[in-house]
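Peer 1: next one to model:
(one chain, ligands or ions: 3)
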Amino acid sequence: MVGKRRLAQRLIIHVDLDYFYAQCEENVNPSIRGKPVIVCAYSGRTSESGVVSTSNYEARKYDVKAGTAIATAKRLLASTDAIFLPMNRPLYDSVSGRIMNILRDHGDVFEQTGVDEAYLDVSESSKGEYSTAKRIGSNIKEIILRQEQITCSIGIAPNKLLAKLASDHTKPNGLTVVEPEQIPSFLNGLEIRKMPGVGKKVEEKLHTSKVKTNDDLSRLSPIALQEMFGRKLGTYLFLAARGEDNEPVQDKELPTQMSRIGTLKEDTRDYDIIRPVLSELTRSLIEKIHDERMNCKSVSIIVILNNLTIHTRSRTLESSVKDLRTIDDCAQQLLREFIASTPEAVLRRIGVKVTRLSKSSGQTDIESFFSTKVPR
Ligand code: DCP
Ligand code: CA
Ligand code: CA
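Peer 2: Residues are numbered from 1 along each chain as shown. Ligands and ions are numbered 1, 2, ... in the order given. All right, here's what the predicted structure looks like:
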């Protein structure tokens, strides 16, 4: 009987990389290890304005964490030899990309939910056995540590909600398993703000109703919760308080193309007028590609003439890229060729499109390691 029930149950692993940006920085420069390391999102207004993006656990001992004002962090850490660093997104993206590729291979289904976290459905590969899922989890930790020198925290549970709470339970470098019979004791006393989906606003609203822990939450009726938060969030909170969640682990389908299109201020065939418009569209498109952590292998321009006919010109690149220079050069060349080959054409709108997209493998050229932003 027990065996049968176990086969039907889901087994989900949640992986969350420890103090991720700061850990990447420690690996690039091991001499900073052991010191408080603070990765800063500088706003650029003054040399100290901005907030902490993340910090390592040494810095957290001084209460310096994500969201702390940089000036405050400097004050709290004044007595230490703390290392303050600017964000280096290309570095974190490339480490993340390689780790996600490792994780993808370890689940029946894989879903990345952030730069440093993912869910794996291992129901089949573990045959519903927690001991097997735990071995898969340990194995993942070992491989990520060996290949990338990055520690992570892992949660294993019958659903995504509990797996996420479990990975958060023991950090850093933890591995927490919540089997079905452990759910009530695991949730017992859990602070309400730890519950995924409970942001500042929801927390405040619950606090005014004297709800501080998960136990308090589980005493509210579904009707009361729906009255407070609406049908969707109310129902979610009612089920979450009981550790119930049926969300499937889903491999999100990747977009196959991305484009940007704009209208020219005047109808024209003057390259010098069209060129900056196309460049700006390309720049915006590249930002999107970076955000999605994609590469593209083919670039097209879309041209809409004043007679409203639509024309496209495409070129395949030698390799998959995501850098502005290559893609912009290619688009500009296509534009020059189009104008030269169609003497009658007067352009009304211009667009740029990238296709043959792939997820960046994480291999990044040395230049992009040092440019944290797409140049304008
Ligand atoms: N991040 C950020 N700003 C925030 C929160 C996070 O820029 N307010 C970035 C930096 C983090 C990364 O996202 O390294 C992952 O966020 P996590 O919340 O998982 O935090 P960490 O990985 O830094 O620490 P932990 O060990 O607590 O997971
Ligand atoms: Ca993390
Ligand atoms: Ca995370």
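Peer 1: how about the helices in this protein?
Peer 2: Residue ranges of the helices in the chain, as given by DSSP state H, are 2-8, 20-28, 57-60, 70-76, 89-104, 130-148, 160-169, 183-187, 200-208, 214-218, 222-240, 271-291, 324-341, 366-370.
Peer 1: rank those helices by mean pLDDT and give me the bottom one.
Peer 2: For the helices of the chain, mean pLDDT drops lowest on helix 366-370, to a mean of 34.
Peer 1: about what we covered before: in a markdown table: the helices of the chain, plus distance to ligand 2.
Peer 2: (Glycine included, C-beta is placed from N, CA and C.) A markdown table is the format used below for those (distance: least, CB to the ion, whole Å):
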| stretch | distance to ligand 2 |
| --- | --- |
| helix 2-8 | 30 |
| helix 20-28 | 5 |
| helix 57-60 | 12 |
| helix 70-76 | 19 |
| helix 89-104 | 11 |
| helix 130-148 | 12 |
| helix 160-169 | 9 |
| helix 183-187 | 20 |
| helix 200-208 | 20 |
| helix 214-218 | 22 |
| helix 222-240 | 21 |
| helix 271-291 | 19 |
| helix 324-341 | 29 |
| helix 366-370 | 21 |
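Peer 1: now those as CSV including distance to residue 260?
Peer 2: What follows is the helices of the chain, written out as CSV (distance: least, CB to CB, whole Å):
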stretch, distance to residue 260
helix 2-8, 47
helix 20-28, 29
helix 57-60, 40
helix 70-76, 34
helix 89-104, 21
helix 130-148, 34
helix 160-169, 34
helix 183-187, 46
helix 200-208, 34
helix 214-218, 45
helix 222-240, 33
helix 271-291, 4
helix 324-341, 10
helix 366-370, 21
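Peer 1: can I get those helices in JSON lines including distance to residue 154 and mean neighbour count?
Peer 2: Output for the helices of the chain, formatted as JSON lines (distance: least, CB to CB, whole Å; neighbours: other CB atoms under 10 Å):
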{"stretch": "helix 2-8", "distance to residue 154": "20", "mean neighbour count": "10"}
{"stretch": "helix 20-28", "distance to residue 154": "14", "mean neighbour count": "22"}
{"stretch": "helix 57-60", "distance to residue 154": "17", "mean neighbour count": "20"}
{"stretch": "helix 70-76", "distance to residue 154": "29", "mean neighbour count": "17"}
{"stretch": "helix 89-104", "distance to residue 154": "10", "mean neighbour count": "20"}
{"stretch": "helix 130-148", "distance to residue 154": "5", "mean neighbour count": "16"}
{"stretch": "helix 160-169", "distance to residue 154": "6", "mean neighbour count": "23"}
{"stretch": "helix 183-187", "distance to residue 154": "15", "mean neighbour count": "16"}
{"stretch": "helix 200-208", "distance to residue 154": "26", "mean neighbour count": "13"}
{"stretch": "helix 214-218", "distance to residue 154": "22", "mean neighbour count": "19"}
{"stretch": "helix 222-240", "distance to residue 154": "21", "mean neighbour count": "16"}
{"stretch": "helix 271-291", "distance to residue 154": "27", "mean neighbour count": "17"}
{"stretch": "helix 324-341", "distance to residue 154": "37", "mean neighbour count": "17"}
{"stretch": "helix 366-370", "distance to residue 154": "28", "mean neighbour count": "12"}
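Peer 1: what's the closest of those to residue 316?
Peer 2: helix 324-341 (9.6 Å; CB to CB).
Peer 1: quick one, the closest one and helix 271-291 angle?
Peer 2: Counting by axes from the mean of the first three to the mean of the last three CA atoms, to 10 degrees, helix 324-341 points 140 degrees away from the direction of helix 271-291.
Peer 1: tell me what helix 324-341 is packed against?
Peer 2: If you count contacts as 3 or more CB pairs under 8 Å, 6 or more residues apart in numbering; DSSP states H and E, helix 324-341 packs onto helix 271-291, strand 294-305, strand 310-321, strand 347-359.
Peer 1: quick one, which of the ones you listed is nearest to ligand 3?
Peer 2: The closest of the helices and strands packed on helix 324-341 to ligand 3 is helix 271-291. By CB to the ion, the value is 16.7 Å.
Peer 1: for the residue lying closest to residue 237 once chain neighbours are set aside, which residues are in contact?
Peer 2: Spatial nearest neighbour of residue 237, excluding adjacent residues (CB to CB, 6 or more residues apart in numbering): residue 225 at 5.1 Å. For residue 225, the contact set (CB atoms under 8 Å, 6 or more residues apart in numbering) comprises 234, 235, 237, 238.
Peer 1: hmm, the last one is touching residue 224, no?
Peer 2: No: with contacts defined as CB atoms under 8 Å, residue 238 does not count as touching residue 224, sitting 9.0 Å away.
Peer 1: which one of the helices of the chain lies closest to residue 83?
Peer 2: helix 20-28 (8.0 Å).
Peer 1: need phi/psi at residue 79.
Peer 2: phi -80, psi 0 (degrees, to the nearest 10).
Peer 1: for it, give its distance to residue 60.
Peer 2: According to CB to CB, to the nearest Å, residue 79 and residue 60 sit 16 Å apart.
Peer 1: next, count neighbours for residue 264.
Peer 2: 18 (other CB atoms under 10 Å).
Peer 1: right, I mislabeled it, should have said residue 64
Peer 2: Residue 64 is flanked by 27 other residues according to other CB under 10 Å.
Peer 1: next one: it, what pLDDT does it get?
Peer 2: pLDDT for residue 64: 98.
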